[in-house]
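1. Give the three-dimensional model of this entry:
(3 chains)
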Amino acid sequence: MSKKTLVEATVNGETVEFLCEPRQSLLESLRDILELTGAKEGCLTGDCGACSVMIDGRVVCSCLMFGVEAQGTNITTVEGLATTGTLHSLQRKFLEHASLQCGICTPGFLMAAKGLLDRNPEPNEADVRYALAGNLCRCTGYDKIVKAVLDAAADLRTHGEGKAAAR
Amino acid sequence: MAEATTNGKYKVIGTRPIRHDGADKVTGRAKYGADYTFPGMLHGKVLRSPHAHAIIKSINFDKALKLPGVKAIVTSKDLPSVANKLEQAGEMAINPHHLSMNILAHDRVLYDGHAIAAVAAINGHIAEEAVRLIEVEYEVLPPVMTVDVAMKPGATILHKDLRNQEDGDKQTNVAQHYQFKRGDVAAGFKAADYVVEREFKTAMVHQGYIEPHNAVGIYSSDGTATIYCSTQGAFEVRSFSAQVLGMPVGKIRVVPAEIGGGFGGKTTVYLEPLSVLLSKKTGAPVKLVMSRAEVLRASGPTSGSQIKVKMGATKDGKLVAAEIWMAYEAGAFPGSPVGAGAMCIITPYKVENFLIDAYDVVVNRPKTAAYRAPGATNAAFASETVIDELAEKCGIDPIDFRIKNGVKEGDAQTVGPPFKRIGFIQTCEAIKNSPHYKSKLTGKNRGRGVASGFWFNAGMNSSATVNIHADGTASVVTGSPDIGGSRASMAMITAEVLGLSANDVRPVTADTDSIGHTDVTGGSRVTFATGMAVYEAAQDAVKQMIERASKVWEKKPDEVEFRDGKFFAKGNGVPPMSIKDLAPRFSRTGGPITGRASVNGRGVGPGFATTCVDVEVDPETGKVQILRCTIAQDAGKAIHPSYVEGQMQGGTAQGLGWGLNEEYFYDEKGILRNVGLLDYRMPTCLDLPMIETCVVEEANPGHPLGVRGVGEVSIVPPPAALANAIYRAVGVRMLETPMSPPKVLKAVLKHGGSAQHSAAAD
Amino acid sequence: MATVIIPALLRKFTDGIDRVDVAGGTIREVVRNLGTRFPGIIDQLIEHDELKPSVAVSIDGEMATGGVLERVGEDSEVHFIPAIGGGT
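-> Next comes the predicted model:
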């Protein structure tokens, strides 16, 4: 058995320390050590995006990163998207537009969409499709996902993140 | 049964409430099978065959067992011997012997990825290392990969004991022959002015659910077992696992976790019996989760196929004859959906003379499982392309050709019985009147194609209970795993009957000990059959509450009426009572109220869909870009329209992927070479446009709310619609799926880009 | 009497006849009477006093769920068809 390393990182705003083996992915560390099972394993090869999280503001497939590489980073998972129990506009719009069926890809899509809206608050349909192309959904045909992201962008432009969330 | 209607004054049905499980699913809290952990839980991994076809001469796991952290290894020697014949397991028929051999190979491996042994260890990494330390000696046999090779006289035989009903005691790879016949085919073709005959091939494809198979098995010292897993059918997992493990059904409890897609692929068992076997051997809970490569290599994709279609029409556009030969890959064990394919292939049309021969053929590929309208998509790719060609020869618009020949109430199905009320023509007309079809498509190398599809839909068993809470709200409990928002529909039906809001009803999916038998979430049957049970259970609760209200008012039950969520006493001026008013009096009037119902869903209403797609073909690369897509589908009645549209859009997307890019790619040794999602190329959101929907509501007379079920038929038309669109764009008839860039390019180059009516096939 | 439509591949048991009038108030009786006239066909349809897992039956356009106990009307049309599984 390989020796474990102590990793310190900020996860969803809290400082955490965890012990992980060098061979454990960040996804495995999040799910099995920190018990944050929102990020899902769909492929372990970075093709499906179900494990997407944000690291220092960038959307990353957590299956492609080792847990030890998270040392000193700031990680947001889907569990950190809602603030004090109030859903983020993206989460609300996904529900209003019926953008999920089975829901397994939803955490990844939400994180990828958050990454897009953080850097481009006024995306058009092509921007959204481009930004979400690394995430696979097999249930919806993407139609209602793209519409929800465009609607959430409009909502955030009108109300801002805090106000939109508070409504 | 109340009269079916689509224009009734519903208060809840037809609205779009937020789904009840939604908040958990957007916050990451929803618990899927792989999210379960238990104290002391071990992790399992499976050793899989590197050969497509081989005899297992020996297995040595001494080294693996010595690896620190390894707790147990199981092989087929740990499985009991079971019956080798088709047996009823719940509503589905299975051959327990074949299922057992698929769970763990007995004396030979029959496909690349076939499970041979399973290891339990303290973590997944150690289990994986142990798998690599198991030594297996094989005698490699030639693989049989396609139906034409498997059907040849003298072909290598997969199962020495396989016989079919026609070849007596001869060894064979043909497990089953189906035949459907009507009229006089020769006379029919004689009357035809135009005859089109084509041969088609479709590649094996996978359902492509994003969540890999998973199971946690907990075997208890008292001889009972509990399985947590993501499945479309907890009761099927229970009965199949019981069969394979030789355990009584009543000793196994299956707890359905949230499920991350299935599309038919999660209606059988792979890991579930292994988790129980390993748990029994170690005394600890054992979790197994497939990798993506394992999902592709060793779960249950749907059949590749070869189909010959010959059809004839008179010059005024009347179909007069069809002769069809079809053979589907069953995979390593019998049971492809070729019978269903044969019963669908020309069902949308009135054809007086036909002969359909269909063959179920075993090959060295994974055993196929159901995939959304199983068998129908392959079939429609062939028949709907030929229909398009005949329409062209007759000089008739392809939609009008379908309307002219399309089936209506009273027309005979392929299998014989007449249709009741159906909405096929309406789906054609919806497309004809759609903004999409009315728009003009301009530009070079662009074309528009249409195609239609049929699927039976299913009834089967469902149970439901409706509990009225002390505050007048309710819960509805069913046994149908919710794969696409069905809990919302169940809550809405309950709310409609009880006069509550959808929010006042909590829907729950129960485990196999907590609800009556309920068959799979499949066959488009949940909203139809479980919906029927829910409707009746809610009515039962109302009936009981009417009695209670009559007690409170000291009246006879028939003097109390229930409407709009309130009880009214006939005659005097007593103010009405709501359920909320009545609920506190339940305990003094006889105890809590639980409505219950179990059904074996009769009155199944079949589904039809028609799809229109615009494409642009790049003649330099062969890439097909989808420009616009519209689907019209008959839902009977849309309970939650958003999730009905979602089924239509999702099935369409899968059909488009099937048509353009998806395929199992085996090398000459029978080894699957595209075992990841980069190479097994499913549509991303960059590949697709918005998918426009026309929900047709031709009420199913067999359902109290007119529901037909909407889960499947949307996948059927797209591959043929794409082929027809490509033809109009560049003048080549594609006769093979996937119509991927290399194949389209080859066809375009061969065609030379000028003459019409050419066809492309390898 | 009910009219039974014989599936194409079972017509070898009925001398090629594709529809036949048979008496019986249930599927059990219909099959029994059919078997009296055409020995050999019973084993294709029934096993342990129940429809074989591979066989489904449609009566007057309705998929019957009652197996051999299903009621058959005086003028019913009975089709024996292959049983199929479901998908999504």
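
2. can you map out the helices along chain C?
-> Ranges of helices within chain C are C:27-37, C:42-45, based on DSSP state H.

3. In TSV, list the ones you listed along with mean neighbour count, mean pLDDT and distance to residue B:742.
-> C-beta coordinates here come from the backbone N, C-alpha and C atoms, glycine included. Shown next, in TSV, are these (neighbours: other Cβ atoms under 10 Å in any protein chain shown; pLDDT from 0 to 100; distance: least, Cβ to Cβ, whole Å):
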stretch	mean neighbour count	mean pLDDT	distance to residue B:742
helix C:27-37	19	94	53
helix C:42-45	17	92	47
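
4. possible to save those as TSV with distance to residue B:57?
-> Output for the helices of chain C, formatted as TSV (distance: least, Cβ to Cβ, whole Å):
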stretch	distance to residue B:57
helix C:27-37	48
helix C:42-45	40
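
5. of all those helices, which lies closest to chain B?
-> Of all the helices of chain C, helix C:42-45 sits nearest to chain B, with 8.3 Å by Cβ to the nearest Cβ.

6. Verify the contact between residue B:188 and residue B:353 for me.
-> Yes. Using Cβ atoms under 8 Å, residue B:188 is in contact with residue B:353, at 3.1 Å.

7. Common neighbours of these two, please.
-> Residues touching both residue B:188 and residue B:353 (Cβ atoms under 8 Å, 6 or more residues apart in numbering or on different chains): B:320-322.

8. what about residue B:195, distance to residue B:727?
-> From residue B:195 over to residue B:727 the distance is 18 Å, taken as Cβ to Cβ, to the nearest Å.

9. higher neighbour count, these two?
-> residue B:727 (24 against 17; other Cβ atoms under 10 Å in any protein chain shown).

10. Shouldn't the more buried one be within a helix?
-> Yes. Counting by DSSP: H, G, I helix; E, B strand; the rest coil, residue B:727 is found in a helix.

11. Need the nearest residue in space to it, chain neighbours excluded.
-> Nearest residue to residue B:727 in three dimensions, chain neighbours excluded: residue B:733, at 5.3 Å (Cβ to Cβ, 6 or more residues apart in numbering or on different chains).

12. Residues in a beta bridge with that neighbour, which ones?
-> Beta-bridge partners of residue B:733, counted by DSSP bridges, are residue B:759.

13. how near is it to residue C:19?
-> Counting by Cβ to Cβ, the gap from residue B:733 to residue C:19 is 39 Å.

14. same question, residue B:450
-> Counting by Cβ to Cβ - residue B:450 and residue C:19 are separated by 36 Å.

15. neighbour count winner among the two?
-> residue B:450 (27 against 14).

16. what's the closest of the shared contacts of residue B:188 and residue B:353 to chain C?
-> residue B:322 (14.2 Å).

17. for that closest one, what are its contacts?
-> Residues in contact with residue B:322 (Cβ under 8 Å, 6+ apart) are B:185, B:188, B:309-312, B:346, B:351, B:353-356, B:383.

18. try it again with 10 Å
-> B:182-183, B:185, B:188-189, B:309-312, B:345-346, B:349, B:351-356, B:383, B:386-387, B:414 (Cβ atoms under 10 Å, 6 or more residues apart in numbering or on different chains).

19. cool, and residue B:678?
-> A:43, A:45-48.

20. is chain A contacted by stretch B:106-114?
-> No. Residues of stretch B:106-114 are not located near chain A by Cβ under 10 Å from any Cβ of the partner chain, the shortest gap being 16.1 Å.

21. what distance separates the start and the end of that stretch?
-> One end of stretch B:106-114 sits 10 Å from the other (Cα to Cα, to the nearest Å).

22. tell me the mean pLDDT for it?
-> Average pLDDT, stretch B:106-114: 97.

23. Show me which residues of it are buried.
-> B:106, B:108-114 (16 or more other Cβ atoms under 10 Å in any protein chain shown).

24. Run through the contacts of residue B:322 and flag the ones next to chain C.
-> Restricting the contacts of residue B:322 to those near chain C by Cβ under 10 Å from any Cβ leaves B:182, B:355-356, B:414.

25. Can you pick out the most distant pair from these?
-> B:355 and B:414 (11.2 Å; Cβ to Cβ).

26. out of these two, which sits in the more crowded spot?
-> residue B:414 (23 against 20).

27. mind listing what that one touches?
-> Shown in contact with residue B:414 (Cβ under 10 Å, 6+ apart): B:180-182, B:322, B:342-349, B:351, B:354, B:356, B:407, B:454, C:81.

28. Okay, and which of those map to helices?
-> Short answer: these in helices (DSSP H) are B:342-344.

29. Residue B:38 and residue B:275 touch, don't they?
-> No. At 11.5 Å, residue B:38 and residue B:275 do not qualify as touching, with contact defined as Cβ atoms under 10 Å.

30. quick one: which of these two has more around it?
-> residue B:275 (29 against 14).

31. any idea which helix or strand carries the more buried one?
-> helix B:272-282 (DSSP states H and E).

32. Distance of the residue nearest to residue B:79 when sequence neighbours are not counted relative to chain C?
-> Nearest residue to residue B:79, sequence neighbours excluded (Cβ to Cβ, 6+ apart): residue B:100, at 5.4 Å. Note on residue B:100: its distance to chain C, by Cβ to the nearest Cβ, to the nearest Å, is 17 Å.

33. Tell me the secondary structure of residue B:100, please.
-> Quick answer, by three-state DSSP: residue B:100 is helix.

34. about what we covered before: give me the common contacts of residue B:38 and residue B:275.
-> Here residue B:38 and residue B:275 have B:216, B:218, B:228, B:285-287 as joint contacts, going by Cβ under 10 Å, 6+ apart.

35. Any regions of chain A where pLDDT drops low?
-> Regions of chain A meeting the criterion pLDDT under 70 cover residues A:1-2, A:162-167.

36. Where do the helices of it begin and end?
-> Under DSSP H, chain A gives helices at A:26-28, A:89-96, A:106-119, A:125-131, A:143-166.

37. could you point out the longest strand in chain B?
-> strand B:319-331 (DSSP state E).

38. List the neighbouring strands of it plus their orientation.
-> Here, using DSSP bridges, strand B:319-331 pairs with strand B:305-313 (antiparallel), strand B:353-362 (parallel).

39. Compute the number of surrounding residues for the closest residue to residue C:30 other than its chain neighbours.
-> Among residues not flanking residue C:30 along the chain, residue C:24 sits closest, at 3.7 Å (Cβ to Cβ, 6+ apart). Residues lying near residue C:24 (other Cβ under 10 Å) number 18.
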